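Peer 1: the following block contains a protein sequence and its predicted model.
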There are 2 protein chains.
Amino acid sequence: MDFPWPAVGTPLADVLTPLPVIDEDRLAANIKRTQTYMDAHGLAFRPHVKTHKIPAVARQQIAAGAVGLNCQKMTEAEVFADAGFDDLLITYNILGAWRLARLAALNDRVARLRVVADSLVAVQGLSAAIGHGKPLMVLVECDTGAGRCGVQTPQAAADLAARIDAAPGLAFDGLMTYPPAGGAARVEAFLQQTMALLAERGIACPTRSNGGTPDLFQAHLVPSATEHRAGTYVYQDRSMMRAGVCGPDDLAMHVLATVVSRPTPQRAVLDAGSKALTSDLLGFTDYGEIPSLPGARIVSLSEEHAVVDLTGCTVAGPPVGAQLAIVPNHACVVSNLFDRMVFHRDGVVTRVEPVAARGTVW
Amino acid sequence: MDFPWPAVGTPLADVLTPLPVIDEDRLAANIKRTQTYMDAHGLAFRPHVKTHKIPAVARQQIAAGAVGLNCQKMTEAEVFADAGFDDLLITYNILGAWRLARLAALNDRVARLRVVADSLVAVQGLSAAIGHGKPLMVLVECDTGAGRCGVQTPQAAADLAARIDAAPGLAFDGLMTYPPAGGAARVEAFLQQTMALLAERGIACPTRSNGGTPDLFQAHLVPSATEHRAGTYVYQDRSMMRAGVCGPDDLAMHVLATVVSRPTPQRAVLDAGSKALTSDLLGFTDYGEIPSLPGARIVSLSEEHAVVDLTGCTVAGPPVGAQLAIVPNHACVVSNLFDRMVFHRDGVVTRVEPVAARGTVW
């Protein structure tokens, strides 16, 4: 069916809601500010595409000086390879015959492709899949406190690096970590200790890839890192504002919504539910912030409704039909819900981009 | 790009994960059991398509005896109208010029189309859009305790019904409510009081539409209702099991996932994150249940990872590469994340259906 994506030139007041929209000037400023910081500190910068999933935005990031892209899944990397990007790091253990065969094919057509591994099972799979072609570059994923994937100690990292170094078809390229906020000292210690162990074994470790938006502007506190990865910085969101990495004027994404019901003086219901905002709380107790309604709280979501409690709201409640802008808790997950993303400058639509990598979970 | 949807006949052990899958026999049993109950109590049954978003599944529901379909948004209704369904109830306030124009067009091509309204603003918009064509049937949405949309009192319901009754182009058709679990007595009282007020004014109220899966099999406790709407019953999920409306053998949807990392003896990381499960908690403190790992808890999700705490798990932890089935907290939101849905019988793929109404937020 023909969905009502707005034409270029449409005022945002006239678009159908719910709709996430991106402010072009803030987007450009976020890209420039971050790249300028990385350049000043001699860090390579590798944006994570998960936040936008849009090749055109990735081109803006590369044009600003980013060295390449960070992808999370095989199919996501394929979308960006198809769009012509030639330096991709997939920060995920690639497992299973289908993915491994696709990875081998991708390695042949992308100039610089790298993946990570945190287990011998993963390394063995990669080695068996690559065979005698162009070697696949592999980084060891290290858990520096985030409690997700990754080897647990520098010793384990060095041991796995040695297995990669010895595996047919693979080339050990370094270390990768995704630390929790405030983890700089721990990351630096982990990297230094692992590099020392690798040096003892005579194994080169050219890449040390650190990541995360919350500590973006503390990336220089990890001097052993050679590059930094970040995704959310490009749009920013409510959780990043809470982390102090951006202010309200840096928020490039808002989700536009319309008041569809005012059942009581204290309650407004919006047309943006979990199909538009997602139910990500990220430590908040409500589902987004409405700058035009200070003190109002989005207290619950169903798929197509947001219930707003106006009890603490310091301004007049909005009438049925009013359009509101919501700052989402988490920008990346909103991108994954829409086939296209609408961009604007000063409230007028500038372009509508396909979210090419939406749904690339494989 | 060519996504790896499995072919008919593929064993589920060979599909790429993360992937939600639907058990054909349980799906059929859920449809039959619910329709049998509704038939026994003389209630018309109107499935909510939000759970599956698939015309082929809606055809199974209609074939079993459902009178028509319940949609939540204009574009969702259009998808099902395009698929040939001719009795649609949109349980949402339809606002704005674009939607109202599309609604007027839909009213002309669908044999029986009905919408709801809970405000004079909504009624005035509907009346202005419909003009002199076929009258549009409108129900008044009533808030019987769910705290979402709906007029607050029987008096307000009767007053709005009178406005609809008098509005050019519109025909008042009755009352609609979506109550909280355990709300039968309150729904019955609200309906009876409103019907009495309407009778005093000489306004017919042919339809009284009640809804919800949690109290599905208590629908007969609202004798004034003429029909019941439910969505989740068709797949069922963890929240419905907790509500007692189904047991483990009724769960038709599982999300298949693969162990991608075992960083510690107490931690497993799966490839199903919030892009596969959503972050809907629905009152749970974890993000789904893994029947094959009793005592394990999915303690956190990021977009592409689920972190499983095995501390309380009473069986051996799964190795890297193992495939697991997850019972999602909420089935409906999972459907909205995938372009197609894979069905199986006894673990062998039977069909792959486009999720035609995925993303229909307008």
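Peer 2: That came through, no problem. Numbering: from 1, shown residues only, chains lettered A, B, ... in the order given.
Peer 1: apart from its chain neighbours, what residue comes closest to A:Q218?
Peer 2: A:A184 (5.6 Å; CB to CB, 6 or more residues apart in numbering or on different chains). For glycine as for every other residue, the C-beta is placed from the backbone atoms N, C-alpha and C.
Peer 1: if I pick that neighbour, what's in contact with it?
Peer 2: A:D215, A:Q218, A:L221, A:V222 (CB atoms under 8 Å, 6 or more residues apart in numbering or on different chains).
Peer 1: of those residues, which is the most crowded?
Peer 2: A:V222 (26 neighbours; other CB atoms under 10 Å in any protein chain shown).
Peer 1: confidence score at that residue?
Peer 2: In this model, A:V222 is scored at 98, pLDDT.
Peer 1: do I have it right that it meets A:A189?
Peer 2: No - with contact defined as CB atoms under 8 Å, A:V222 does not reach A:A189; the gap is 9.8 Å.
Peer 1: tell me which element A:V352 falls in.
Peer 2: A:V352 belongs to strand A:348-354 when assigned by DSSP states H and E.
Peer 1: what are the buried residues along that strand?
Peer 2: The neighbour-count check on strand A:348-354 (16 or more other CB atoms under 10 Å in any protein chain shown) flags A:V349, A:E353 as buried.
Peer 1: kindly format the C-alpha coordinates of that strand as PDB.
Peer 2: Only the C-alpha atoms of strand A:348-354 are listed here, as PDB (Å, rounded to 0.1, in the frame of the first residue of the first chain):
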ATOM      1  CA  VAL A 348      10.500  21.800   6.600                       C
ATOM      2  CA  VAL A 349      11.100  18.300   5.200                       C
ATOM      3  CA  THR A 350      14.400  18.100   3.300                       C
ATOM      4  CA  ARG A 351      14.600  14.400   2.400                       C
ATOM      5  CA  VAL A 352      13.100  11.000   3.100                       C
ATOM      6  CA  GLU A 353      15.700   8.200   3.300                       C
ATOM      7  CA  PRO A 354      15.000   4.500   3.200                       C
END
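Peer 1: what are the contacting residues of that strand?
Peer 2: A:5-12, A:15, A:24, A:54, A:56-57, A:339-344.
Peer 1: out of those residues, which are buried?
Peer 2: With neighbours counted by 16+ other CB under 10 Å, those contain buried members at A:5-6, A:10, A:12, A:15, A:24, A:54, A:57, A:340-344.
Peer 1: could I get those as a markdown table with distance to A:Q193, pLDDT and secondary structure?
Peer 2: Shown next, in a markdown table, are the buried ones among the contacts of strand A:348-354 (distance: CB to CB, whole Å; pLDDT from 0 to 100; DSSP: H, G, I helix; E, B strand; the rest coil):
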| residue | distance to A:Q193 | pLDDT | secondary structure |
| --- | --- | --- | --- |
| A:W5 | 52 | 94 | coil |
| A:P6 | 53 | 96 | coil |
| A:T10 | 55 | 97 | coil |
| A:L12 | 51 | 98 | helix |
| A:V15 | 53 | 96 | coil |
| A:E24 | 44 | 98 | helix |
| A:I54 | 38 | 98 | coil |
| A:V57 | 37 | 98 | helix |
| A:R340 | 46 | 97 | strand |
| A:M341 | 42 | 98 | strand |
| A:V342 | 47 | 98 | strand |
| A:F343 | 45 | 98 | strand |
| A:H344 | 48 | 98 | strand |
